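Asks: Give me a 3D structure for the following:
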Amino acid sequence: MATLTFLILFTHSILALRSLRRLHIYGCTQLDASNLHILVNGLKSLETLKLEECRNLFEIPDNINLLSSLRELLLKGTDIESVSASIKHLSKLEKLDLSDCRRLYSLPELPQSIKELYAINCSSLETVMFTLSAVEMLHAYKLHTTFQNCVKLDQHSLSAIGVNAYVNIKKVAYDQFSTIGTNSIKFLGGPVDFIYPGSEVPEWFVYRTTQASVTVDLSSSVPCSKIMGFIFCVIVDQFTSNDNYIGCDCYMETGVGERVTRGHMDNWSSIHACEFFSDHVCLWYDEKCCLKNQECESESIEELMASYNPKISFEFFAKTGSIWEKRIDIMVNGCGVCPVYDTECDNFFKQMELELEMTLQSMATKMSSKEATLAPKQVCKKLIFPHHQIGTWKNATQELKDILFL
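Replies: The predicted model follows:
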């Protein structure tokens, strides 16, 4: 009773602070949706709202959209089951942390402004309404997106996450490439990554394998083009530690069978991750691996190509702890490398029309094969993919959205 009285007094007192920009409430068992509704009504200047381990908070109220200045919404460890669809109207929201919200079962469409989305250990999460609108995907600029250990995500949601990962990572890479050598060069401050449950390297990775290493043959690259950098993918088995890194070694192959290192985990590329309970897809682009941006290298890529065979090998591995040592007991069940070319920067949006059609057809084939194995009461609606002509990217995207969210 004393706690409830204090919360009521606290609520009325804090409403006087209408210019408050940051609010952090931790472990308050009396904070529920009705109290939060009152707080939101009175604190419309908030930029950061941090509510952690508040176990009686089961939902985010509909008036959350009144926080028009909100940039960070951190709900780690709460018992929320759903998030109001009005969150989409928070046009300045950049960071949403839902980690350890183990009762959360659905996530609505989020604002385009989101740069960081953390949904780690959301063990009940089944549905994610990621946008499949061409306009919205191409305006989004996600830096970190993780659905680690969200093992109940349905296939529609996983497919939508995969499509968004493809568009976002390539868009960010091309956008960063286009600023190199100008007065407005963009620095990302680290790798751009997507992590979600899965056991297959996406098909858009030209070079992919079920092993822990892959070789890129530069002699078969796009004619009249230069490789600007690489996008990486690793399929990782279970991790048991919360301090994990996934990285790669890179080698240039010589004409006599020798390999010359082009960097290692300290200065090539790696991403951080907590423990995995099952296989996960880890995708990332690292600006450090942009060949055009490596001014410190004594030799250009063209000079290296003149000295060595036109092949680059990538070896992926995992490690835990503060010691930079590879873990041989953690399985890498597949990997992929996608070279990014300078000429693709200009043609990216046109290429997406054709590649989306291929994605649609691939998804149709996979889902049709799974349909055949469903029990009679579980048979889903038959998917029919009409022919898409070049120039119908917007229509194709809308149809993909309709298919994924039947």
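
Asks: Could you list the low-confidence segments of the stretch 301-406 of the chain?
Replies: The model of the stretch 301-406 of the chain has pLDDT under 70 over residues 301-309, 321-330, 345-346, 349-406.

Asks: same thing but at 80, please
Replies: Across the stretch 301-406 of the chain, residues meeting the criterion (pLDDT under 80) sit at 301-311, 318-331, 342-406.

Asks: got it, and the chain?
Replies: 1-18, 131-139, 176-190, 218-228, 238-245, 252-270, 272-274, 287-311, 318-331, 342-406.

Asks: Test my guess that E136 contacts P111.
Replies: No. Taking CB atoms under 8 Å as the definition, E136 is not a contact partner of P111, at 9.4 Å. Every residue, glycine included, has its C-beta placed from N, CA and C.

Asks: Return every residue with contacts to both of those two.
Replies: Common neighbours of E136 and P111, counting by CB atoms under 8 Å, 6 or more residues apart in numbering, are absent.

Asks: burial count for Q211?
Replies: 12 (other CB atoms under 10 Å).

Asks: Could you pull up the residues touching it?
Replies: Applying CB under 8 Å, 6+ apart to Q211 gives the contacts V332, G334, C335.

Asks: Would you mind checking which of those is nearest to I169?
Replies: C335 (15.6 Å; CB to CB).

Asks: which SS class is L96?
Replies: Remark: L96 carries the secondary structure label strand [criterion: DSSP: H, G, I helix; E, B strand; the rest coil].

Asks: Quick check: it touching Y118?
Replies: Yes. At 7.3 Å, L96 and Y118 qualify as touching, with contact defined as CB under 8 Å.

Asks: Run through the residues that contact L70.
Replies: Contacts for L70 (CB under 8 Å, 6+ apart) come out as L46, E47, T48, L49, L90, K92, L93.

Asks: Which ones among those lie within strands?
Replies: Cross-referencing the contacts of L70 against strands under DSSP state E gives T48, L49.

Asks: If any of the contacts of L70 are buried, give me the ChimeraX selection for them.
Replies: Here is the ChimeraX command that picks out the buried ones among the contacts of L70, judged by 16 or more other CB atoms under 10 Å:
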select :46,48,49,90,93
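
Asks: Give the phi and psi angles for S157, as a check.
Replies: When read as degrees, to the nearest 10, the backbone of S157 gives phi -70, psi -40.

Asks: Pop out the phi and psi values for the closest residue to it other than its chain neighbours.
Replies: Leaving aside its sequence neighbours, S157 sits nearest to V128 (CB to CB, 6 or more residues apart in numbering; 4.2 Å). Main-chain dihedrals, V128, degrees, to the nearest 10: phi -130, psi 120.

Asks: before we move on, what about E52?
Replies: Backbone torsions of E52, given as degrees, to the nearest 10, read phi -120, psi 140.

Asks: Please name the residues that touch it.
Replies: Contacts for E52 (CB under 8 Å, 6+ apart) come out as H24, I25, Y26, G27, L74, L75, K76, G77, T78.

Asks: partner residues bridging it?
Replies: Note on E52: beta-bridge partners Y26, judged by DSSP bridges.

Asks: Same check on E59?
Replies: With DSSP bridges as the rule, E59 is bridged to S82.

Asks: and if you look at V128?
Replies: On the basis of DSSP bridges, V128 is bridged to L107.

Asks: give me the number of residues near it?
Replies: Using other CB under 10 Å, V128 is surrounded by 24 other residues.

Asks: Wait, it touches F147, no?
Replies: Yes. In this structure V128 lies within contact range of F147 using CB under 8 Å: 7.3 Å.

Asks: what is in contact with the two at once?
Replies: A119, L153, I161.

Asks: Would you confirm that the last one belongs to a helix?
Replies: What it means is I161. Yes. Membership of I161 in a helix is supported by three-state DSSP.

Asks: List the contacts of the nearest residue to it once chain neighbours are set aside.
Replies: Spatially, and ignoring its direct neighbours in sequence, I161 is nearest to Y196 (5.1 Å; CB to CB, 6+ apart). Neighbour list for Y196: T145, T146, F147, Q148, C150, L153, L158, I161, G162, A165, H280, V281 [criterion: CB under 8 Å, 6+ apart].

Asks: Find the pair from those residues with maximum spatial separation.
Replies: Distance extremes for the contacts of Y196: the farthest pair is Q148 and G162 at 15.4 Å, using CB to CB.
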